[in-house]
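> below: sequence and its predicted model.
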Amino acid sequence: MLPERRHEITRVEAFSDAVFAFALTLLVVSLDVPQSYDELVKLMAGFVPFACSFALLTWLWYEHTVFFRRYGLQDPYTVTLNAVLLFVVLFYVYPLKFLFTAFFAFFIPLLDIQLRINPYQLGTIFAIYGAGFILIFLMFGLLYLQAYRKRHVLGLSPVEVFDVRAAGGEHLVSASVGIIATVVALVAPPPYPVFSGFTYFLMGPAHWIYGTRVARRRQALREQIAAAAATL
């Protein structure tokens, strides 16, 4: 569930939504209209990589929406960070779709895709994708850092301040997984750079461990505040 909105919809949010919508549109318009049954079957087989690309972009949109619903910052630094984030999202639409298509081509024969890449190029592709992944979540982390710096202006409660720091740390966890995947892509000898893609499965356990620790500390903070209020 999205957090309660603290402000009216800003032009920054409206512009950002338009950029995300355009990025999703690029995923669709890159598909040619099928002219035969075989082309239609091939197009339908491409549903899986398209769905993965769509899901990832929707996730980024959701994380972006959560931040601006909570804080709605419009200062120049926040706008600059947001612009960099949106630029990377748009720039990586086609690399994202290519990577998912290349990955599923090994498992879905109906895609009938002959990849013209060698093992060395594969490592470079994963490194390029990893760089974008790192940069996106680094921008999210910096956005939350800016919200933390503006905590007095925003009038955040102690629990809300904790949530700002925790959310920023969550995005840094994602960026750390991207760093590991990029290192694997750059240093692993062929054909092992392909394991860079599987490195992203670390997102699940990494966020579970981080989320468990954060939940405990947040509960302890709430209990501490409640105990302090009871003594007044």
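Received the coordinates, thanks.

> so Val93 sits against Thr25, correct?
No - between Val93 and Thr25 there is no contact under Cβ atoms under 8 Å: 9.3 Å. For every residue, glycine as well, the C-beta is placed using N, CA and C.

> the two - which one has more neighbours?
Val93 (18 against 11; other Cβ atoms under 10 Å).

> where does the more buried one land on pLDDT?
With respect to pLDDT, Val93 scores 85.

> repeat that for Gly169.
pLDDT at Gly169 comes out at 97.

> report the contact partners of it.
For Gly169, the contact set (Cβ atoms under 8 Å, 6 or more residues apart in numbering) comprises 141, 210, 214.

> can you mark which positions in the helix or strand where the first one lies are buried?
Gly141 is part of helix 119-149 when elements are defined by DSSP states H and E. Of the residues in helix 119-149, those with enough neighbours to count as buried (16 or more other Cβ atoms under 10 Å) are 122-123, 125-127, 129-148.

> same thing with stretch 172-191?
Applying 16+ other Cβ under 10 Å to stretch 172-191 flags 172-179, 181-182, 184-185, 188 as buried.

> tabulate the CA atom coordinates of it in PDB.
The C-alpha trace of stretch 172-191 is given here as PDB (Å, rounded to 0.1, in the frame of the first residue of the first chain):
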ATOM      1  CA  LEU A 172      22.100   0.900  -1.300                       C
ATOM      2  CA  VAL A 173      21.600  -2.900  -0.700                       C
ATOM      3  CA  SER A 174      20.200  -3.100  -4.300                       C
ATOM      4  CA  ALA A 175      23.100  -1.100  -5.600                       C
ATOM      5  CA  SER A 176      25.600  -3.400  -3.700                       C
ATOM      6  CA  VAL A 177      24.100  -6.400  -5.500                       C
ATOM      7  CA  GLY A 178      24.600  -4.600  -8.800                       C
ATOM      8  CA  ILE A 179      28.200  -3.900  -7.900                       C
ATOM      9  CA  ILE A 180      28.800  -7.600  -7.200                       C
ATOM     10  CA  ALA A 181      27.100  -8.500 -10.600                       C
ATOM     11  CA  THR A 182      29.200  -6.000 -12.400                       C
ATOM     12  CA  VAL A 183      32.400  -7.200 -10.900                       C
ATOM     13  CA  VAL A 184      31.500 -10.800 -11.900                       C
ATOM     14  CA  ALA A 185      30.800  -9.600 -15.500                       C
ATOM     15  CA  LEU A 186      34.200  -7.800 -15.700                       C
ATOM     16  CA  VAL A 187      36.600 -10.200 -14.000                       C
ATOM     17  CA  ALA A 188      35.100 -13.700 -14.700                       C
ATOM     18  CA  PRO A 189      36.800 -15.400 -17.700                       C
ATOM     19  CA  PRO A 190      34.500 -16.500 -20.600                       C
ATOM     20  CA  PRO A 191      32.000 -18.000 -20.500                       C
END
